[in-house]
Each structure stands twice: as C-alpha cells, then as structure tokens.
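Undergrad: Dropping the sequence and predicted coords here.
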Amino acid sequence: MLGKLDWSAIPIDQPIPLIAAGVVLFAILAVLIWAGVKGHYPYLWREWITSVDHKRIGVMYVLLAMVMLLRGGTDAIMMRAQQAVAYRSDGYLPPEHFNQIFSAHGTIMIFFVGMPFVIGLMNLIVPLQLGVRDVAFPTLNSVGFWLTATGALLVNISLVVGEFARTGWLPFPPLSELTYSPGVGVDYYTWSLMISGVGTLVAGINLVTTVLKLRTRGMTYLRMPMFCWTTLASNLLIIAAFPILTATLAMLILDRYLGFHFFTNEAGGNVMMFMNLIWAWGHPEVYILVLPAFGIFSEVVSTFSSKVLFGYRSMVLATMAICIISFMVWLHHFFTMGAGPDVNAIFGIASMIIAVPTGVKIYNWLFTMFGGRVRFAVPMLWSIGFMVTFIIGGLTGVLLAVPPADFLLHNSLFLVAHFHNVIIGAVLFGAFAGYTYWFPKAFGFRLDETTGKAAFWFTLVGFYATFMPLYVAGLLGMTRRMQHYDVAAWRPWMIAAGVGTVLLTVGVALQVVQLFVSIRRRDELRDTTGDPWDGRSLEWATSSPPPVFNFAVLPNVTGEDAYWRVKEHARQREFDTREPDYRDVEMPRNSPTGFVCAFFATVMGFALIWHIWWMVALGGVGAFATFVVFAWRDHDEYLIPAADVARIDRANLAARRAALNVAGAAQ
Amino acid sequence: MTETTYAYAQGDPHRLRGIQEAAVVHEGPAPKRIVTAYGFWIFLLSDIVMFACFFASYAVLLRQTAGGPSGAQLFDLRSTAAETAFLLLSSFACGLASIAADVRSARWFQAAMALTCVLGLGFLFLEAREFADLVGRGAGPTRSAFLSAFFTLVGCHGLHVSAGILWLLTMMAQVFAKGFRADILRRMLCFALFWHALDIIWVAIFSVVYLIGSGT
C-alpha cells in the first residue's frame, strides 16, 4: 500500500534531525495559525499564491531562497563545528549524518538558494528594465516557481521521513547506485532536482522569450541595461544545460529503479560518462548563477558612481563569450580522470581563457568607478567587496586550471575554499547587492543602512576568516568531507574556520534583523519618488512598488540608460507635462494552476521516492487535469479601465515631477 | 566640450556611432502568436539537447554489449521502416490539420487530427511490439549497457509520441468544445511544432541507431 514507507523511516534514534524538524514544523504551524487567526489566507491566496504577476513571483523566489539560505547555512555551521572538534575524536555528528549534511548543504545552496535568488531578481526586474508589463508566459512563470518550491519541500521532507543522499551534492556513481546507496536518500535528491529542474527550465524559456521578444519600443539590443544582457546569457545557458541534468539524472534513476546499466560497474556501464555529463551541465551552471550577479554589479556600480557603465559593448561581448566558453571547460572538474596530457591541456587552456572576459568585466567596473561620484551605500559595499574577493577566487581558479597543480589539489579543501570564494564572493554578494538595491522597488521602502553595513562587514570578514584557513588546510593536504582527522597541523586552521563561521552567522543574522528593523521603520524609509538611488534604467521610471501593469504607457526608448536620459532632459529643460494617451490595459488573470500543479508534483515526487505506484498515477493524472482545466477557461485576461490607469499614473508623475524639481533646484 | 560630453550630448554615451542606427529599429513587444511560438521553439531546442545526451550515451555505450547481442543481431529494418512511414504520414496528416485550422474547418480538422492519432498509435504499436520482442528474447534493457542506452533513447522518443497523442486528443476536445479561439489556435501551432520535431528526432534515431546499428 505505501511502498517502502513504514515507521522505520522516521529517525527516532537521531535527536538532531528530529529536534530540527520539530522546530521547523513548529515555526511553520505557528505562522499558519497566526495567518489564519489574522485572516490573511484569502489575501495570501488571491495576491500571492495564485498571482501571475512577475513582481510577486520574483519576491516569492527570493523569499524561498532566503529561507533555504538559513537551512543551508545551518548545515554549514554544523559541518564547521564538527571539523573544529573532530581532531582525534568522533565529534558530535556520526558519519552517516555528517555525509547527509554536506550533501544537503551543497544541494540546497546551489539549487534552492543560488538559483531561486537570481531567478527571483531577474523575474522581478527584467520586465521593468525592458519597459514591459509582464514576462512572456505569466502562468507558466507561476508554475515554474511552485515546482522549484516543490523541490525544496522534498529535500526538507527528507530530514524527517527517511534520509537524504550521502553522496555529495553531485551523486557520483557507483556510490550513488543501488548497490552502495540502497536507501531513499539518492532518490530524494534525484526527484527533487528533476521536479525543480522543470521549474528552472520553464523560467529560462520564459525569460529568454521575454528579453528577445517583449522589449518596449526603441529598446534595441544595444540599449538594454547590462542586467538584461546577463539575464539573456544566463537563461540561454539554462536552456542548453538543464536538459543535460535532466537526462543524466534520468539515466541514474533508470539504473536505480529498473536495473539499467548506464553507470554501473557491471554489464558495460561507464562511470566516467556520468562525470562528463553532469559537469557538462555543472560548469555552465556556475555561470548561470554568476552572470546575473555580474549584471547586478554592473547596474549597482554604474548607479552609485553616477556614471554610465564603462565599456558597455565590451561588457556585452564578455558576457556572451562567457556564455559560449562555459560549455568548453567541463573537463577541468576531473583532470584526474586520466584523459591524457593533450585533452587536459586543451581544457586547462580553455579554463584560463574564460578568465579573460571575466577580467574585462572587473576592469570595466573599476573604470566605471574611476572619476565617478561614488556613493558607498550598502549595494555598493557588496559590489566592492565582491571585486576584491572575486579576484582572489578567480586567481585560485586559474591555479586549479593548471592540470599538474590540480592533481595535487583535486578534492582538497583548497578546491572547497576556491569555489566558496567565487560563489559566496560573486553569487551571494551579488544577490545581497541586488536585494538591497531593488528592495525599495519591490516594497516601496528602503532597507535600514546601519544594520545593512554591519551585516556587510561581518559577512566580509567572516568570509575571509572561514575560507582562507581552508586554502591553507588544503595546501597542507586535507581532503574535503572529512568527518574526523588525525593530523595535528590541520587543527588550528579548522578552529579558525569555525570562528569565521561564527562571524558569518552574525552577518546573516544581522540581515534578518535588518529586515525587521526596516519593516518597523518603513515610514521613515519610504521611497515616494520611485527612484531612491538616482537610477539609470527604466525600473526607476515607475512608482515603488510599481502598479500591477508596471507602466501606464509603454515607454519609448531613445538611447541607453533610458531613465537617466529622461531625467537629464527634465533637468535641462522641464518635465514633460503633456498628459500621455491613457488606454485600457489588459492583464493576465490570476490562476491557481501553478500551485495545484506543484501540489500534485509533490505527491508524485514523494510517491516515486517511496515506490507508492498508485499515488504516482494519482499525481500524474492530477497534474494533467490541472492543465486541462487551465486550458479550458474562457477568460484569461481582465481589463483595467483607462480612467484607473490615468489615476494611478498621475500620482506617480506628480511625485516624480516634485522630486526632479527639487533635484533641479539643487543643481 | 570634450569628446565624452559631446558623445553624451548626442545621446551616444557608449560611442556606438553608426552601430545603433544599423540595428533594426525596434517596434516594441511582438504579438502573442509570435511570442508563444518562439517560446515553444526554445522549449523544443532544450528538448533536443536532452535527446542529444541520450544519443551521446548511446554512442558511448554502443560496443558495451557485455557478451550480449549487438544491434546487428536485434534490429529488424522492415518493422522500423514501417514505423518511419507511420510517423512521417502522421506528420503529413498533422500538417493537414494545421491547414484545416487555418481555414477554420472543424470537420476537416477533426478528421485530420484523428488520422494523425491513428498513425501515431500505429507507430507506438510497432515500437511496443519491437520492445516486447526484444525483452522476450532476453535482450531487455537490463541485459547490457548498450541495450540500456538503446531502450532509453528510443523509449524516450516513444514517450514523447505518447504524450503528443494525449495532447492531440486534448486539442481535438478543445476545438470541439470551444471552437477555433485565438489561444487554442496558438496551442495548435505549438502542437504542430512538437509533432514535427518528433519526426526530426526519429529521423536521427532511424539513421544513427537502426541504419548504422544493423550494419555493425
């Protein structure tokens, strides 16, 4: 009846996951009850859960990422604490638990923190920057988000029901095959990524179509803000790379469920084929995460230097070059495979070449700041912190791209330090910069500066204190993922990294505090102008938060830095007071399709993990029926009358005019 | 006036000069039909990337027969030729259905779609018979890595055809219930693209798997 599922799946003998799960469940229940008592359910259902508004979906993606950051961060704290105490001792985490923690940490941080964070910011901002009203496929956008949430939910269910993979964040065979991993851990991994992978692919298709087909009038390719370019590149990579992940995981699933022989040791299976396939996805994935961050830094650096972005064309070229070369370096993840010196040399050189366009970008940001009137607001601090940190990470990356050096450092903590150096230094700092930069656009008030700056400094110092010791330990020969160790020389570095983790934790906690403080002080921090940072691109041309239709009249773009030009024009002459020609606006109607579909996907995923076949069928039929019901509806749009559009827009224009007049008078 | 401020005053801060004018003047968001079809094309591209992985794994594992049968001992080109004929004819019928939708002829549309469906089912029947035959001869997917790759590649295409038939029936029901509404016509456009893309993949399977495979 319930497949492999029975009471033994609940880890009653392990206090840590049970207590953790208890706390989480209690928190969720408390929030649900609080929302119920306050009567928020109808509002949440109407305005958020069924919303197909790209801004709302973007916010939900970012929220998911931040919640999962806490989960993945907790894993990190546990690992650092274990290694700080596990010198000639077993520490406090048994090996099978430790292995699940490092697997869950990587999986969560990449798939359910990095991905939703950047996709959320792209969703929120790109249609605004392009001057349009929504993404190309609003309902699919909602489906994509809820499927990502399904994946995150399944990973977290594994905390209490069964176990998670012990195979690392990429389940390398033959360890991940049924022979060596007979439990459900790997199945939790594969099915949650299969489901969230569909969500990611949908988001990728949506954003590429949006950028290529839905730009406002006059928004030619070379007038798009840099963030739109990096969004395009990143989503092209999603479209080209995520199917590889899907295919690879499908092969692993077939091996595990139906006894196929893709990656097994017997009957001709080929383990190294898995490495090649997974890294053919995995390396572009790194750039899927980091390119949007590069876009965010471009926007932030240009805005807070009050200067046009230096070398815009070279930036576009560099972005697209990275987009292509990122598919030609995958083998550097396993130089030790034994492909021979020729192959290794080619991939080593390609890996060094990809550092060139990245270097171009760094210089462009530096030259944008050069001679500019730099304002050190929180987003700018993250950007400068990124530039310093990322250069170190990039240089250690170039070092690892030298095959002989890689033979020594492969699978060591040096590698761990390197990729945390680039992912935290670029992706996470970029996400935080974007979060602080665009928060007022999404909610209408800025985030508190003091706590923001404190959070930045704790995170920056905490980062160095945590990961520089790992470089040293790696050079001293310490391999990654050690549950305990006997080498005295490593111990001080592990303790130092543990102290660094405390600082990082304070940094993250301060960001939580910042959110609460800012909400309390929201009236003081209110952004009435829609343009709190003196921005340059079109998202600042509408109010904060923008009306559901973004722009009352689609803007007509005449050059780069579209909104800056409008402001220049207004400052030099006067604000264009002519009333635009307001018309009725058609907007897509909300739909519960995404949520219902994700509910069935969750049922189906859970059933597949536990071999409950009737429930699999139920989930499949349910998901299909949901789409048919959606396809059957007669009204998929609603009309906002021109009078309402005019009323909303007049208020926006008045606030903007006042702000510009003040600015003009000051000059 | 320095060159920079001059360029800025000319609305050309990046000094793109003629490049900007050379780019096609952008007229604003594309119409819905274009956007939908474009998005679906991109989905098809990603689907083809997925198939490319299965093709690649097939090529890697081609000789890993683990002492079991190879393609030359297993493949029956006559049955495969019949499958090809069914699938290509069904694509022709699908083309007829698209034309019928264009001229808003519900009767011709339903007839052509029904024919597409029957031909698609014929293809699936032949494929199922082939698979059952192979399993019956002890050449199932668990026999060797080569057969795992073969069943996955061909079976994945078969699953696509099955999903396509489910979609096809849904389209028939929709046109029957709602008529040729704009959104239904857009869906029909996507379905036609999907069905034709399956042909392209089948041609690759026929060439790479069956034609080459039966010779080695």
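TA: Received, thanks. The shown structure was predicted, so the numbers you read here are calculated from the model rather than taken from an experiment. Numbers count the residues shown, from 1 in each chain, chains lettered A, B, ... in the order given.

Undergrad: C-alpha only now, for contacts and for neighbours.
TA: Fine.

Undergrad: By residue count, tell me the biggest helix in chain B.
TA: Ranked by residue count and defined by DSSP state H, the top helix of chain B is helix B:145-178.

Undergrad: mind checking how far whichever helix or strand comes after it is from the chain centre?
TA: As assigned by DSSP states H and E, the chain's next helix or strand after helix B:145-178 is helix B:182-205. Centroid separation between helix B:182-205 and its chain, computed with C-alpha atoms, centre = their mean, to the nearest Å, is 6 Å.

Undergrad: helices and strands around helix B:182-205, which ones?
TA: Packed against helix B:182-205 by the contact rule (3 or more C-alpha pairs under 8 Å, 6 or more residues apart in numbering or on different chains; DSSP states H and E) you find helix B:32-61, helix B:77-102, helix B:145-178.

Undergrad: then it to CSV, C-alphas only?
TA: The C-alpha trace of helix B:182-205 is given here as CSV (Å, rounded to 0.1, in the frame of the first residue of the first chain):
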residue,chain,number,x,y,z
ALA,B,182,-7.1,32.5,-30.6
ASP,B,183,-5.5,30.8,-27.7
ILE,B,184,-6.5,27.4,-29.0
LEU,B,185,-5.0,28.2,-32.4
ARG,B,186,-1.8,29.2,-30.7
ARG,B,187,-1.8,25.9,-28.8
MET,B,188,-2.4,24.1,-32.1
LEU,B,189,0.6,25.8,-33.6
CYS,B,190,2.7,24.6,-30.7
PHE,B,191,1.4,21.1,-31.1
ALA,B,192,2.2,21.0,-34.8
LEU,B,193,5.8,22.2,-34.0
PHE,B,194,6.1,19.5,-31.4
TRP,B,195,4.8,16.7,-33.6
HIS,B,196,7.1,17.7,-36.5
ALA,B,197,10.1,17.9,-34.1
LEU,B,198,9.4,14.3,-33.1
ASP,B,199,9.9,13.4,-36.8
ILE,B,200,13.3,15.1,-36.9
ILE,B,201,14.4,13.2,-33.8
TRP,B,202,13.0,10.0,-35.3
VAL,B,203,15.0,10.5,-38.5
ALA,B,204,18.1,10.9,-36.3
ILE,B,205,17.2,7.7,-34.4
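
Undergrad: quick check: angle from it to helix B:77-102?
TA: Comparing the axes of helix B:182-205 and helix B:77-102 via axes from the mean of the first three to the mean of the last three C-alpha atoms, to 10 degrees yields an angle of 160 degrees.

Undergrad: What parts of the stretch 101-250 of chain A come near chain B?
TA: On the criterion C-alpha under 8 Å from any C-alpha of the partner chain, chain B has as its neighbours in the stretch 101-250 of chain A the residues A:132, A:136, A:205-206, A:209, A:213-220, A:222, A:239-240, A:243-244, A:246-248.

Undergrad: Mind checking which of these are buried?
TA: A:132, A:136, A:205-206, A:209, A:213-220, A:222, A:239-240, A:243-244, A:246-248 (16 or more other C-alpha atoms under 10 Å in any protein chain shown).

Undergrad: Among those, which lie within strands?
TA: The strands in this structure, assigned by DSSP state E, contain none of those.

Undergrad: So which of these belong to helices?
TA: The helices in this structure, assigned by DSSP H, contain A:205-206, A:209, A:213, A:239-240, A:243-244, A:246-248 from those.

Undergrad: before we move on, back to that, of all the helices and strands packed on helix B:182-205, which lies closest to residue A:143?
TA: When those are ranked by distance to residue A:143, counting by C-alpha to C-alpha, first place goes to helix B:32-61 at 15.1 Å.

Undergrad: ok, and for the closest one, which residues are buried?
TA: When neighbours are counted by 16+ other C-alpha under 10 Å, the buried residues of helix B:32-61 are found to be B:32, B:35-61.

Undergrad: just to revisit the earlier point, which members of the ones in helices among the buried ones among the residues of the stretch 101-250 of chain A next to chain B are the farthest-apart pair?
TA: Across these (C-alpha to C-alpha), the longest gap, 31.2 Å, separates A:213 and A:248.

Undergrad: quick one: contacts for residue A:273?
TA: Listed by C-alpha atoms under 8 Å, 6 or more residues apart in numbering or on different chains, the contact set of residue A:273 reads A:263, B:57, B:60.

Undergrad: Over to residue A:122?
TA: If you count contacts by C-alpha under 8 Å, 6+ apart, residue A:122 has them with A:58, A:231, A:292.

Undergrad: I would like a ChimeraX command selecting only the buried ones among those, please.
TA: Buried residues within the contacts of residue A:122, as defined by 16+ other C-alpha under 10 Å, are selected in ChimeraX through the command that follows:
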select /A:58,231,292
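
Undergrad: between the contacts of residue A:122, which is nearest residue A:345?
TA: Comparing the contacts of residue A:122 against residue A:345 with C-alpha to C-alpha picks out residue A:292 as the nearest, at 29.6 Å.

Undergrad: From residue A:441, how far out is residue A:644?
TA: When distances are taken as C-alpha to C-alpha, to the nearest Å, residue A:644 and residue A:441 turn out to be 21 Å apart.

Undergrad: Same question for residue A:533.
TA: When C-alpha to C-alpha is applied, the distance between residue A:533 and residue A:441 equals 10 Å.

Undergrad: Neighbour count: these two, which is higher?
TA: Neighbour tally, residue A:533 and residue A:441, criterion other C-alpha atoms under 10 Å in any protein chain shown: the higher count belongs to residue A:441, 24 against 19.

Undergrad: The more buried one contacts residue A:547, doesn't it?
TA: No: look at residue A:441 against residue A:547 with C-alpha atoms under 8 Å: they stay out of range, at 10.9 Å.

Undergrad: Okay, now the unreliable bits of the chain?
TA: Using chain A. Scanning chain A for pLDDT under 70 picks out the ranges A:573-577, A:661-667.

Undergrad: Chain B is the one I meant
TA: Per-residue confidence for chain B (pLDDT under 70) gives these ranges: B:1-25, B:216.

Undergrad: The helices and strands packed on helix B:182-205: which one's closest to residue A:177?
TA: Short answer: helix B:145-178, nearest of those by C-alpha to C-alpha, at 14.4 Å.

Undergrad: Might you calculate how far the closest one sits from the centre of the chain?
TA: Worked out by C-alpha atoms, centre = their mean, helix B:145-178 lies 10 Å from the chain centre.

Undergrad: Can you tell me which helices and strands that helix packs against?
TA: Helix B:145-178 is packed against helix B:32-61, helix B:106-136, helix B:182-205, with contacts defined by 3+ C-alpha pairs under 8 Å, 6+ apart.

Undergrad: rerun that using 6 Å as the cut-off
TA: Here helix B:145-178 is seen to pack against helix B:32-61 when contacts are counted using 3 or more C-alpha pairs under 6 Å, 6 or more residues apart in numbering or on different chains; DSSP states H and E.

Undergrad: State the next helix or strand along the chain beyond the helix it packs on.
TA: Going down the chain from helix B:32-61, the next helix or strand is helix B:71-74, by DSSP H and E.

Undergrad: helices or strands up against that next one?
TA: Applying 3+ C-alpha pairs under 6 Å, 6+ apart, one finds that helix B:71-74 makes contact with helix B:212-215.

Undergrad: Give me the residues contacting the helix it packs on.
TA: By C-alpha atoms under 6 Å, 6 or more residues apart in numbering or on different chains, the list of residues contacting helix B:212-215 from outside reads B:71-72, B:75.

Undergrad: Stretch A:213-231 now?
TA: By C-alpha under 6 Å, 6+ apart, the list of residues contacting stretch A:213-231 from outside reads A:130-132, A:291-292, A:295-296, A:556-560, B:26-30.

Undergrad: Looking at the contacts of residue A:273, which is nearest residue A:365?
TA: When the contacts of residue A:273 are ranked by distance to residue A:365 (C-alpha to C-alpha), residue B:57 comes first, at 42.4 Å.

Undergrad: Now the closest one: closest residue in space, sequence neighbours ignored.
TA: When the adjacent residues along the chain are set aside, residue B:57 lies closest to residue B:149, with 6.4 Å between them (C-alpha to C-alpha, 6 or more residues apart in numbering or on different chains).
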